[in-house]
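Q: Mind looking at a prediction? Sequence and model below.
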Amino acid sequence: ACGAAPEETAPKAENPDYTGCIVSDSGGFDDQSFNESSYRGLKNAEKDLGIKMQEAESKSNADFATNLQGMMNNNCDLTVTIGFLLGDATKKAAEENPDKHFAIVDFQYDEPIKNIKPMIYDTAQAAYLAGYAAAASSETGTVATFGGIKIPTVTIFMDGFADGVAKFNEDKGKDVKLLGWDKDKQDGTFTGDFEKQDKGKQVTSNFIASGADVIMPVAGPVGKGAGAAVKEANTGGKDAKLVWVDSDGYLTAPDYKDVMLTSVIKTMDKAVEDLVTADSKGEFDSTPYIGTLENEGVALAPFHDFDSKVSDETKSEIEALKAQIISGELKVESPSSPK
Amino acid sequence: MSEIKAPVLPDPKKPGNDLFKSITQGPGLVSVLGVIVALVIGGLLIAITDEKVGEAAGYLFARPSDFFSALWSAGTESYVALFNGSIYNSSQGFAPLLETLTVSTPLICAGLGVALAFRAGMFNIGAQGQLIIGATMAAYVGFAWHLPVVVHLLLVIVFGLLGGALWGGLVGLLKARTGAHEVILTIMFNYVALYLLDFLMNTEAFRRPGETNPISPILDANAIFPSLPGSRLHLGFLMAILLTIGVAWLLNRSTIGFEFRAVGHNPDAARTAGVNVARSTILAMAFAGALAGAAGVAQVAGTEKVLTAGVAGSLGFDAITVALLGRSTPWGTFFAGLLFGAFRAGAVNMQITTGTPIDIVLVVQSLIVLFIAAPPLVKAIFGLNRKKKRTSATESIKAGAK
Amino acid sequence: MSAISVLPSKKTPIIFSVLAVIVLVSFGLLGNSQTASFSLTSAGDAFSLPDLVFPGRASNIVIGVLLAALAAYSWMLRAKGRVLPVWAVAVGAVLFVLAFLIWVVSGANINSISLASLLAGGVVLAVPLVFGSLSGVLSERSGVVNIAIEGQLLGGAFTAAIVASVTQNAFAGLVAAGIAGAVVSLVLALFSIKYLVNQIIVGVVLNVLVSGITGFLFTTVMQEDPELYNSPVHLPTIAIPGLSAIPVIGPILFKQSVIGYLMYIAVFLVWFGLYKTRWGLRVRAVGEHPKAADTLGIKVNRTRFWNVTLGGIVAGIGGSFFTLVAIDSFTKEISGGRGFIALAAVIFGRWNPLGAFAAALLFGFADNLQVMLTIIGTPVPSQFMAMMPYLVTIFAVAGLVGRSRGPAAVGDPYVKE
Amino acid sequence: MKLELRGISKAFGSFYANKDIDLVVDDAEIHCLLGENGAGKSTLMNVLYGLYQPTEGQILLDGKPVEFNGPGDAMAAGIGMVHQHFMLIPVFTVAENIALGAEATKAAGVLDLQVTRKKIREISDRYGFDVDPDALVEDLPVGVQQRVEIIKALVRDAKVLILDEPTAVLTPQETDELLEIMRQLKANGTSIVFISHKLREVRAVSDVITVIRRGQVIDSVGAETSTTELANLMVGRAVELNLNKEPATPGAARFQVRELSVVNELGATTLDAVSFDIHEGEILAVAGVQGNGQTELTEAILGTQPVAAGSISLDGTELVGKSVKQVLRSGLGFVPEDRSVHGLVSQFTIEENLVLDLYDRPPFAKGISMNLGEVKKNATKQIADFDVRTDNQLNPASSLSGGNQQKVVMARELSRDLKLFIASQPTRGVDVGSIEFLHRRIVAERDKGTPVMIVSTELDEVMELADRIAVLYKGRVNGIVPGNTSREVLGLMMAGVSAEEAFAQADFATSANEPVEAQPVPLETTEPTDTQEGEAQ
Ligand SMILES: Nc1ncnc2c1ncn2[C@@H]1O[C@H](COP(=O)(O)OP(=O)(O)OP(=O)(O)O)[C@@H](O)[C@H]1O
Ligand SMILES: Nc1ncnc2c1ncn2[C@@H]1O[C@H](COP(=O)(O)OP(=O)(O)OP(=O)(O)O)[C@@H](O)[C@H]1O
Ligand SMILES: [Mg+2]
Ligand SMILES: [Mg+2]
């Protein structure tokens, strides 16, 4: 408590007149998922572009409208809202403030709205590659996935993963089993929320006990429970691996980098930052942004430490599949895919 | 012999005073002082966690004035923001007050449900589940049926109340028939309701057409409470007022309420006096559930206009605090609900304008509840009502013994 | 107290009759004819036991008949004005659970389930519940309602994480968790005992308060430098050589983390303390009839104060299970409502440490079973599977346990003239 | 030990329950406190025991001033107290209750109840108690609970023993035993402060009697003072101790109980084929040692106790199978034996308690809407009629002294038109003045033509009120005898001796006694029977 007092100067800013705002859903900005990474995008924009930033976390659905109203009162130029739950509230705010710009992550309107840019992700494409990689890497012939809550943004990962596993079986004539998700029935294993990490750990332990050795948790922070289970199983002599979701887990969940086969990435941070950059230059358009393998909105992360353990054959097959998906030759379909 | 019985000031009637005597004893002054203490502590907390204050503390000795002015402004700014967001601000006038009333509506309704059950001797942790089922039924009627104006809204309300009553009544029934403890039952029923709603939201019947996300269609215009133009305040608030009046009447002036209270205090005596205790238990829980169901109606037909898995938020749990803070009296609950509503509405504004993290708002809010509920502590802080301390008697006792 | 006596209730016979019909018809006659296999051994066991294999339909018809016999016996006893002995109720419950398992497993995509991991996993899920419920027992036995278990667990989890990270010492984390739980309890004790605030209000508010504080510190402190503040060292898992390799019970009893062993010790100690020692006698007296205890010179409020605090320590340690054993780091709301389940276990277990332990285990097993069943693939929608532990609890409480009488003075502040 | 209270005052708010009280209890003296309900006796004793802090005044033990911060201090100083409402923990065993606070322990604080059991046995042997140390207190009859309380004090070596209305709940035999114990204790040097409303026992055992009225000492007198004098001192006016009721003029048998059996949840038969009638305008007293089925009988009539077999009819209407509400509606006035558990909702106001079973009937309610004005008016009237001592009818019932609580219950039940009146222990814990008053009200109800059933373990009361007496023994009616049957005969019958035997024995044992006034009445009485004619066949 005895540093020197700073000079009284205004903070340096290149775009001091532009305000970018963000409203989370009830997951909050540290949900290890879409709120967090969108928030990171805006934070980066604040740093790189010198814009002003306003944020509001919602604790419950009732806060959405109030938070948005607050943003309007604070003269936000662009307001990013996150998740389908904010769909109606964002629409209403946009209609009431036709001169303001909005973006909504992971949600798309039936009828486009001229001042809202939906930002959606065809996650199944990347998850498909992960499924293929997982199946190829499995030594037990069983892989698994589970979700936090059964919502499309979660199950789309599971659908893609399931198809990837199926593709591997089809191409290789193998019978790698997938536990935890039945694509036809659209049902499987869920922990019930995005909080109880120990439940996620127990679920994963059960998967491993049932023979699975590659597990993809789609459950925000609960994924850490899966990581803990995999680490524990491996100290007990197993050889299980993890597929992370949303961000490259090798970087964002370094505790588990030794067991991280790969990750299914949704690059929301980049997309948000790009959007802000464009909007601050006056280049807003409301055509939906759809993150795909092609535009790198979704991606399969590098194998990092596992790079040497994944055969070149598998890598090239994955590259080929990726190319086929990008070219449209191979369609990855999920009931939850963007329309 | 002379008459030596001293006159005693008549006590005002204190309903349910045994449980809540501790809180009721504080007159208005003490409550006000309680709020002040809580605000001061909360202000300090906000100030301490404020970034600018933190920075200024870094060079506290170099320029102390910075630190203290930062401290002061962080605290006051936050409260100004709270006030601006919940009651009045220059740009919107009293629109924030309307917002407060809107946010209070479900809190009051669900709070009444908890309070009513409390008065009947039961701790209803199940407002959450009752609210969910009420909201689910109300919303379904609201978006799946298409009926004329007035009729539709009435049916939405009726089904919402019925849904809550069903969920609460079931607990009452199990308790009355099997003796199972309502605390266990209500906790478990909350989860069951939650998963049930989760399941329903994943069915075609409840999902918005063309939508894969678990969100219901917007309720029919006829099924929605009319709202005050330019605000979110809707007629659901009137419903909350009417329910408060209704519960007050029920508890204090009706035979049913008399039975509830008798069973709540002494079921043996109630039974001996001819009250059907089982029926009272079931009925009280059904009424409590219906009130929580009304909160669900206020959510789906008023504030949100759609049904989602998160329709209940943490309302069912906040309702417990609201009810107890209101000493489980109907009007106490009403005003506690308004207070909480103001916090909710103001907190959102506080977060946006001063960057106070929403978690800190929760902390301040909790502190205020604690201080309002603890008149003896407040009295102690302000040195009111100090008892004369008796000197330790151990020595004279030792002398006296044997 | 109620002096009103009744004839043996029809509840038990009716329940057994219904169960018999369900098993016979739904599980048996309409059940799947495939087999259900239950494996008892897991990797690392000293010797392996053969899998238990049941033909689905046939076994359930047999069990259904047995249950029907029990129901008949129960009706017969009732006619004589007697009730079914406890052992028979237990046998009936076990039979029904077995029938249910055979039914789902034989009808699933994978017709086998590991009984060993079902039980071991159930115990793991139950650990925080057990600690939480012991906290509830300690507090409520002395007459203070403890709704704050959730806050105590969460506070313990948070503090354990941060201390074990900074000191790089898991035991320091364990101790700190106990202290954190105690601090939460102290607030409960202070406000409810000294300042007479309604105990339930304090409890409910404390949960919010702890959630707010940990959430805030998580964002502002932990997230700033997770490496330093949120990478707790873990408590080791200690396997007792030989014993831990016994199939089924080995991993449950002899291959546990320090906290797992502490759980068994704590359950025993609290039970022994409450029922066999001077301290326990006084605590129970204070919870039942504080005035009577006072007339015997027992310091009612002091006893309550320390008991609530002790409960906080226990729950705090339970909370550290999340961050020192189960998971590698802290996140917001990591306790996920388990404090409330623990509260239910307290009541379900009739305020007895052993009962609460059993209730917590039942819940843990049901929860784990639910997960395992979704893994082997059942036709039941996942949301209904998720309801299972809660429905099982409702059924157990309403159907089998019934009325539970708590400490008579729980919730009443004690004020002297 | 000599005990002195000097100028003790105790105020609750602005109300003084004790005002400037001086009292001296000598070594080895039995000192009785006498006073109306609400006079402040229990309050004074609670001050002495350290439960209440006196507002003013001083306590001296053997001449030395002491101050008690809590009962622990008082106990340490050698004061023991048996409270008017027992301070026992119902779910504990006798041994646990007695050990509590002064536990014998082995290493590490492990309880050693064996030591306590031994002490209990020692004391039981010395004073002839029969107490099972391992019984749960809640399962024990009140008489035994009382002994547990006394053992509790004795184990702690009390030099001054306070007994606050110990005999209110005891049977006559138990009372006699208690008085004997008190004499023994006194012989061993213990001083005793004894509170009772029963003048007969007060005179039998006390050395000094101090009378308290409205919180102040009126006078201290010797045991030779007559009951009438004592009563007059207490109440402050002349009290008529003898009821002198008119002989009954019974009419038709309006209330009939036939072959009534009750089986409890453990399958034990607690009422076994009980039959009797009550006629219009007569009082049937049900006598018996507590625990012989009285509770079951009254609860079965009310409908809170399931009936295994038999019939109960009032004016030809069957009551078995009806709800409590229906039974009450058909004209039953019911005073339960335990007012604090079954008779009152102690947190309710006095007003509300006065309509506890009338709240849904006119004029107090119309439909489901209550008329609070009528409730208030009713309370004002009943409080005046029954002389309930309270400063505000909006106070909770718990603020009333025990006797006044009883008056509230009686007032409520007698305040409407009755077809049958049943009262258990109608004057338990009530002072003489009020007993007189309540008895008159009961007789007045009879004289209105209402069949009345009084259940009492108090033989004085039974003999005072009864036109006929039914004696219950082990769940059976052991005989129905005329109201003027002698104490001895009743005592024998209550012990299980048949009526004929009892009359014969009593006759034989006390030849100097008055001639046999009455003969047992056959059980199967159905005709209206004049008591004088109800001879044996
Ligand atoms: N805690 C209290 N608060 C207020 N008033 C009280 C309290 N306790 C007793 N009183 C009042 O003090 C007076 C004396 O009560 P106390 O119990 O000492 O009477 P008592 O002489 O023992 O009567 P009884 O013979 O009926 O037991 C009564 O008017 C009673 O209502
Ligand atoms: N568990 C039992 N087993 C056998 N007999 C019993 C049992 N309980 C009660 N009885 C008998 O039933 C009769 C009535 O008992 P109970 O104690 O209920 O009578 P009571 O007159 O209501 O006494 P109180 O007012 O003290 O409760 C007695 O003869 C008693 O011995
Ligand atoms: Mg008294
Ligand atoms: Mg009895």
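A: The structure has been received and is ready for your questions. Since we're looking at a predicted model, the values are computed, not measured. Ligands and ions are numbered 1, 2, ... in the order given.
Q: Can you give me the buried ones in the helix of greatest length in chain B?
A: Using DSSP state H, we find that the single longest helix of chain B is helix B:151-178. For helix B:151-178, the buried set under the neighbour-count rule, 16 or more other CB atoms under 10 Å in any protein chain shown, comprises B:152-153, B:155-176, B:178. Every C-beta, even on glycine, is put in place using the N, C-alpha and C of the backbone.
Q: and what of stretch D:367-383?
A: D:370-372, D:374-375, D:378-379, D:382-383.
Q: Look up the residues forming beta bridges with residue 105.
A: With no chain named, the answer covers chain A. A:I82, A:M119 (DSSP bridges).
Q: Wait, chain D was what I had in mind.
A: Judged by DSSP bridges, the bridge partners of D:T105 are D:L111.
Q: one step back: show me what the longest helix of chain B packs onto, helices and strands only.
A: Helices and strands touching helix B:151-178, by 3 or more CB pairs under 8 Å, 6 or more residues apart in numbering or on different chains; DSSP states H and E, are helix B:95-119, helix B:127-144, helix B:182-201, helix B:277-298.
Q: which residues touch the residue in chain D that chain C sits nearest to?
A: Nearest to chain C, among the residues of chain D, is D:G72, at 2.6 Å (CB to the nearest CB). By CB atoms under 8 Å, 6 or more residues apart in numbering or on different chains, the contact list for D:G72 reads C:296-299, D:50, D:101.
Q: before we move on, the earlier item: and which of the buried residues of stretch D:367-383 is nearest to chain B?
A: D:M370 (5.3 Å).
Q: That closest one pairs with what?
A: D:A365.
Q: where does it land on pLDDT?
A: D:M370 carries a pLDDT value of 93.
Q: Can you report how many residues lie near D:Q173?
A: A count of nearby residues for D:Q173, using other CB atoms under 10 Å in any protein chain shown, gives 15.
Q: Show me what counts as buried in the strand or helix carrying it.
A: Using DSSP states H and E, D:Q173 sits within helix D:172-187. By neighbour count with 16+ other CB under 10 Å, helix D:172-187 contains the buried residues D:172, D:174-175, D:177-179, D:181-182, D:185-186.
Q: Point out the residues in chain A that sit beside chain C.
A: Contacts of chain A with chain C, taken as CB under 8 Å from any CB of the partner chain, map to A:28-30, A:32, A:144, A:150, A:179-180, A:182, A:187-190, A:192-193, A:195-199, A:201-203, A:205-207, A:209-210, A:221, A:224-225, A:227-228, A:231, A:236-237, A:255-256.
Q: Going through those, which ones are buried?
A: Judged by 16+ other CB under 10 Å, buried ones among the residues of chain A next to chain C: A:28-30, A:32, A:144, A:150, A:179-180, A:182, A:187-190, A:192-193, A:195-199, A:201-203, A:205-207, A:209-210, A:221, A:224-225, A:227-228, A:231, A:255-256.
Q: can you pull the pLDDT of the residue most central in space within chain D?
A: Taking CA atoms, centre = their mean as the criterion, D:R428 is the residue nearest the geometric centre of chain D, at 2.8 Å. We have a pLDDT of 82 for D:R428.
Q: Give me the neighbour count for the closest residue in space to it that isn't next to it in sequence.
A: Excluding the flanking residues, the one nearest D:R428 by CB to CB, 6 or more residues apart in numbering or on different chains is D:A168, at 5.6 Å. Using other CB under 10 Å, D:A168 has 22 neighbouring residues.
Q: Could you verify my assumption that D:A168 touches D:I435?
A: No: contact criterion CB atoms under 8 Å: D:A168 and D:I435 do not qualify, at 11.7 Å.
Q: Now do the shared contacts for the two.
A: D:H197.
Q: Poorly predicted segments of chain B, please.
A: Along chain B, the model assigns pLDDT under 70 to residues B:1-28, B:52, B:54, B:58, B:60, B:384-402.
Q: Point to the residue nearest the middle of it.
A: Short answer for chain B (CA atoms, centre = their mean): B:V322, at 2.6 Å.
Q: and C:A36, helix, strand or coil?
A: Of the three states, C:A36 takes strand according to DSSP: H, G, I helix; E, B strand; the rest coil.
Q: you'd agree it is up against C:V105?
A: Yes: contact status for C:A36 versus C:V105: in contact at 3.7 Å, counting by CB under 8 Å.
Q: okay, and the common contacts of those two?
A: By CB under 8 Å, 6+ apart, the residues touching both C:A36 and C:V105 are C:56, C:111-113.
Q: which ones among those are found in helices?
A: C:G56.
Q: Which one (most neighbours) among the shared contacts of C:A36 and C:V105?
A: Highest count within the shared contacts of C:A36 and C:V105 by other CB under 10 Å belongs to C:I113, 25 neighbours.
Q: tell me the centre residue of chain C?
A: Central residue of chain C (CA atoms, centre = their mean): C:A360, at 1.3 Å.
Q: Just the element for that one, please.
A: helix C:353-376.
Q: Report the next helix or strand after that helix in sequence order.
A: Following helix C:353-376 in sequence, per DSSP H and E, is helix C:382-395.
Q: Just the CA trace of that following helix, in PDB.
A: What follows is helix C:382-395, C-alpha atoms only, in PDB (Å, rounded to 0.1, in the frame of the first residue of the first chain):
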ATOM      1  CA  SER C 382     -33.600 -39.600 -19.400                       C
ATOM      2  CA  GLN C 383     -35.500 -37.000 -17.400                       C
ATOM      3  CA  PHE C 384     -37.600 -39.700 -15.800                       C
ATOM      4  CA  MET C 385     -34.500 -41.600 -15.000                       C
ATOM      5  CA  ALA C 386     -33.100 -38.400 -13.400                       C
ATOM      6  CA  MET C 387     -36.200 -38.200 -11.200                       C
ATOM      7  CA  MET C 388     -35.500 -41.700  -9.800                       C
ATOM      8  CA  PRO C 389     -33.500 -40.800  -6.700                       C
ATOM      9  CA  TYR C 390     -36.100 -38.300  -5.700                       C
ATOM     10  CA  LEU C 391     -39.000 -40.600  -6.400                       C
ATOM     11  CA  VAL C 392     -37.200 -43.400  -4.500                       C
ATOM     12  CA  THR C 393     -36.800 -41.000  -1.500                       C
ATOM     13  CA  ILE C 394     -40.500 -40.000  -1.700                       C
ATOM     14  CA  PHE C 395     -41.500 -43.600  -1.900                       C
END
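Q: got a list of contacts for that helix?
A: So helix C:382-395 is contacted by A:150, A:187-190, A:192, B:174, B:180, B:184-185, B:188-189, B:191-192, B:195-196, B:198-199, B:202, C:344, C:348, C:359, C:362-363, C:366-367, C:369-370, C:373-374, C:378 (CB under 8 Å, 6+ apart).
Q: Buried subset of these, written for PyMOL?
A: Here is the PyMOL command that selects the buried residues among the contacts of helix C:382-395 (16+ other CB under 10 Å):
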select buried, (chain A and resi 150+187+188+189+190+192) or (chain B and resi 174+180+184+185+188+189+191+192+195+196+198+199+202) or (chain C and resi 344+348+359+362+363+366+367+369+370+373+374+378)
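Q: Residues of the stretch 51-200 of chain C that sit close to chain A?
A: C:109-110, C:114, C:117, C:121, C:124-125, C:128.
Q: give me that answer again for 7 Å
A: With the criterion set to CB under 7 Å from any CB of the partner chain, the stretch 51-200 of chain C comes near chain A through C:114, C:117, C:121, C:124-125.
Q: Of the residues you listed, which is the nearest to chain A?
A: C:S117 (4.2 Å).
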